[in-house]
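[1] fold the following, please.
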Amino acid sequence: MNNRFELDNKLKGETLGRKGLMKKHSQITQLRLVPELNVIKIGGHGIIDFGREVVLPLMEELGELSRKHKIMVVTGGGVRVRHILDIGIDLGMPTGVLAELAGKISEQNAEIVTLLLSKWGGSKVNTGDILDLPTMLHLGLLPVIHGTPPYGLYEHPPGVGMIPPHRTDTGALLMAEVLGARSCILVKNVDGLYTENPRVNPEATLIEDIGAEELINMDMEDMVLERKMLYLLRDCANLKEIRIVNGHKRGNIEKAINGEKVGTIIRG
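    Down below sits the predicted model:
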């Protein structure tokens, strides 16, 4: 006997886990909230930690680009994240706690970048207020947000080790996807993704264009981006690719925005 109180709808009685149901909805086009948006993620380790000689020219570049393109700047954590993770791991902190601690560092960097971009309308956005972005862009502001996804204590287990798998690269991708952005660009201190760490092996080869599935199958020892991004990119409905460019070289970000050949393209 079924005593469940039901509301009449197309999902009535569904488990929400049935494969046929998922396939039925897979062809529905999702709303793209800001389809002209370019999500620019600047690494803490690759950019911010280098100080004024790298950061200030990059802020000038981003500020001027924001006059011509809709941009959201996403910040990473960098050396301080590595420090707090080292301490937390040594003390046996759970992965969710490590994620909470790491998020506070990337948020500090977002505050710094917001102030440096104040000349161009830099405005800090809290992760819970990301749907205010269309209004902010309409007002001519340049939104800045930290990249750590707000999983916090509910961070997914990493599979191996203790380091949170969803960090600031992944956060940038997830925000680009939910906003229906036109691009997601990771700004690093290398020219793109290499077959090996080019600082360890100078003979490493630059990978200019590759699919996420192929990159997953390569099972590389080290990568310049978070591995979790590849699995998420495969499933994205709106975002079809990500780019990796060198932010120490002026003009690379604009080339990426314009779809010119620069850095590495990873396709979903």
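[2] what about the residue positioned nearest the centre of the chain, which helix or strand?
    With distances taken as C-alpha atoms, centre = their mean, residue 172 lies nearest the centre of the chain, 1.9 Å away. Using DSSP states H and E, residue 172 sits within helix 168-179.
[3] quick check: mean pLDDT across that helix?
    Mean pLDDT, helix 168-179: 97.
[4] show me what the helix or strand following it is packed up against.
    Heading C-terminal from helix 168-179, the first helix or strand you meet, by DSSP H and E, is strand 183-188. Strand 183-188 is packed against strand 37-42, helix 168-179, strand 241-246, helix 252-257, with contacts defined by 3 or more C-beta pairs under 8 Å, 6 or more residues apart in numbering; DSSP states H and E. All C-beta spots, glycine's among them, are computed from the backbone N, C-alpha and C.
[5] single out the most deeply packed of those.
    When those are scored by mean count of other C-beta atoms under 10 Å, the highest mean neighbour count falls to strand 37-42 (a mean of 27).
[6] for it, C-alpha coordinates in PDB please.
    C-alpha atoms of strand 37-42 as PDB (Å, rounded to 0.1, in the frame of the first residue of the first chain):
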ATOM      1  CA  LEU A  37      31.700  36.100 -19.600                       C
ATOM      2  CA  ASN A  38      35.400  35.200 -19.600                       C
ATOM      3  CA  VAL A  39      36.500  33.600 -16.300                       C
ATOM      4  CA  ILE A  40      40.100  34.400 -15.700                       C
ATOM      5  CA  LYS A  41      41.800  32.400 -12.900                       C
ATOM      6  CA  ILE A  42      45.100  33.800 -11.700                       C
END
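[7] and the contacts of that strand?
    The contact list for strand 37-42 (C-beta atoms under 8 Å, 6 or more residues apart in numbering) reads 48, 58, 62, 69-76, 113, 133, 137, 147, 168-169, 172, 175-176, 179-187, 247, 253, 257.
[8] for the helix ranked longest in the chain, packing partners?
    The residue-count maximum for a helix in the chain (DSSP state H) belongs to helix 95-116. Applying 3+ C-beta pairs under 8 Å, 6+ apart, we find helix 95-116 packed against helix 52-65, strand 70-75, helix 79-90, strand 122-124, strand 142-146.
[9] which one of the ones you listed lies closest to residue 201?
    Nearest to residue 201 among these is helix 79-90 (21.8 Å), distances taken as C-beta to C-beta.
[10] on that earlier part again, show me how far the longest helix of the chain is from its chain's centre.
    Remark: helix 95-116 is offset 14 Å from the chain centroid, using C-alpha atoms, centre = their mean, to the nearest Å.
[11] per-residue confidence averaged over it?
    Averaged across helix 95-116, pLDDT comes to 96.
[12] one more: stretch 156-163?
    The pLDDT scores in stretch 156-163 average 93.
[13] mind listing what's buried along it?
    158, 163 (16 or more other C-beta atoms under 10 Å).
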